[in-house]
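A.B. asks: the following comprises the amino acid sequence and a computationally predicted model.
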Amino acid sequence: MTKTLLLAALLSSAAVSLVQAADLVAPVEQPAPVQSSSGFYIGSLSSVNWLDDTNFGVAGFDVSTEYDVGYYSALRAGYNFGAYGYVSPRLELELGYGTASVDEHRVSGVGAGSIDSFGDARSFQGYVNGYLDIPLATDGLFSAITPYVGGGVGFMNLELRKQGVAGIATLMDDSDTQFAYHLDAGVGINLQGIGLFTDMSLFDGTTLDVGYRFTAADDFDFTARDGTASSTDFRSNAITVGFRKQF
C-alpha cells in the first residue's frame, strides 16, 4: 500500500512539473491563412503592348504600319464576391489609355524606313471585366498566390494620329470607336501573405497582379487626308502588372 501511494505521489508530481514547464514555453505564432473574402476594391493596371500592324488606304495605295512597343495604363474598381466552391468571382470596371509610336510605314509592300516614318496610334478603352480567382491553398505560402482567368467587353476609340512619311506629308489623322474585348490570365500575389509590408496597414488587402492580355477590336473606319476611306482591325498582346486594394 505504501509503495502504491509513493508511486502515485511521484506520478502526480511529474505531471505538475510537465504542466508548469509547458506554461513557461512561449507559444509559436502561426501565420494567418489568406482568406478569400468579399468586398469592394480599387486598383490600377499598366502593360507593355505589342501591336499588330494597322492598315489604311491613300491615293490608291495600301499603307501598312508597324509599331514600336506600346504602353497602356488604366484605373479599375470592382467587387470580389468571395469564395464559391473552388473559385472566387470578381466583377470590375476599367478605363484606360494606350499609345504606340510608328516604327515604319510600308506603302504597297515597300518600306519607307523607320527614320522617315512618323505618327502614333492612341486608344481610349473602357471595359466591364469578369474574373475567376482560383486559390491554390487555404493556408501557407501558396495561399497568397492565386491564379486568375477572365476578360472584358467594352469599347475602344482608336486614333491613327498624324501618321505619314517625311518629305511627303501626313497621310492619316483620324479616329473611330468600335466594340472591343480582351482575354486575360495571370496570378494575384497577396503582398502581406508572402511576408511583405506586414507591419504597414496601408498594404492590408493589397494584391499584385501579373499576367497576359490579348486585346482585339474590328472594323475601324478611317478617312485619309486625300479622302480615301478604308478600315482596319486592332490586335495586341501585352504583359500586365497591376495592384488591387480590397476594403
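C.D. replies: Perfect, I can see it now.
A.B. asks: which phi and psi does residue 141 have?
C.D. replies: Here is the backbone geometry of residue 141 (degrees, to the nearest 10): phi -60, psi -40.
A.B. asks: tell me the contacts of it?
C.D. replies: 193-194 (Cβ atoms under 8 Å, 6 or more residues apart in numbering). All C-beta spots, glycine's among them, are computed from the backbone N, C-alpha and C.
A.B. asks: please report how far it lies from residue 242.
C.D. replies: Plainly put, residue 141 is 22 Å away from residue 242 if you go by Cβ to Cβ, to the nearest Å.
A.B. asks: and the strands in this structure?
C.D. replies: 39-51, 54-58, 61-67, 70-80, 88-107, 110-111, 117-133, 145-165, 169-190, 206-223, 229-246 (DSSP state E).
A.B. asks: CA atoms only for the last one - export them in PDB, please.
C.D. replies: The one in question is strand 229-246. C-alpha atoms of strand 229-246 as PDB (Å, rounded to 0.1, in the frame of the first residue of the first chain):
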ATOM      1  CA  ALA A 229     -11.800  55.600 -97.000                       C
ATOM      2  CA  SER A 230     -10.600  52.300 -95.500                       C
ATOM      3  CA  SER A 231     -10.900  50.100 -92.500                       C
ATOM      4  CA  THR A 232      -8.500  48.200 -90.200                       C
ATOM      5  CA  ASP A 233      -8.500  45.900 -87.200                       C
ATOM      6  CA  PHE A 234      -6.700  46.200 -83.800                       C
ATOM      7  CA  ARG A 235      -4.800  43.400 -82.200                       C
ATOM      8  CA  SER A 236      -2.300  43.500 -79.300                       C
ATOM      9  CA  ASN A 237      -0.500  41.200 -76.900                       C
ATOM     10  CA  ALA A 238       0.500  42.500 -73.600                       C
ATOM     11  CA  ILE A 239       2.300  41.800 -70.300                       C
ATOM     12  CA  THR A 240       0.300  43.400 -67.500                       C
ATOM     13  CA  VAL A 241       1.100  44.500 -64.000                       C
ATOM     14  CA  GLY A 242      -1.500  45.800 -61.600                       C
ATOM     15  CA  PHE A 243      -2.500  46.500 -58.000                       C
ATOM     16  CA  ARG A 244      -5.800  45.900 -56.200                       C
ATOM     17  CA  LYS A 245      -6.600  47.100 -52.700                       C
ATOM     18  CA  GLN A 246      -9.700  45.500 -51.200                       C
END
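A.B. asks: now do that strand: distance to the chain's middle.
C.D. replies: Put simply, strand 229-246 sits 10 Å off its chain's centre (Cα atoms, centre = their mean, to the nearest Å).
A.B. asks: ok, now the fourth one?
C.D. replies: From the chain centre to the centre of strand 70-80 is a distance of 7 Å (Cα atoms, centre = their mean).
A.B. asks: so residue 231 sits against residue 224, correct?
C.D. replies: No - contact criterion Cβ atoms under 8 Å: residue 231 and residue 224 do not qualify, at 11.9 Å.
A.B. asks: any low-confidence regions in the protein?
C.D. replies: Applying pLDDT under 70 to the chain flags the ranges 1-36, 109-115.
A.B. asks: swap the cut-off to 90 and go again
C.D. replies: Applying pLDDT under 90 to the chain picks out residues 1-38, 59-61, 83, 85-86, 106-117, 136-144, 165-169, 191-205.
A.B. asks: from residue 41, how far out is residue 135?
C.D. replies: Counting by Cβ to Cβ, the gap from residue 135 to residue 41 is 16 Å.
A.B. asks: could you do residue 192 as well?
C.D. replies: From residue 192 over to residue 41 the distance is 15 Å, taken as Cβ to Cβ.
A.B. asks: again with residue 246
C.D. replies: Using Cβ to Cβ, residue 246 is found at 4 Å from residue 41.
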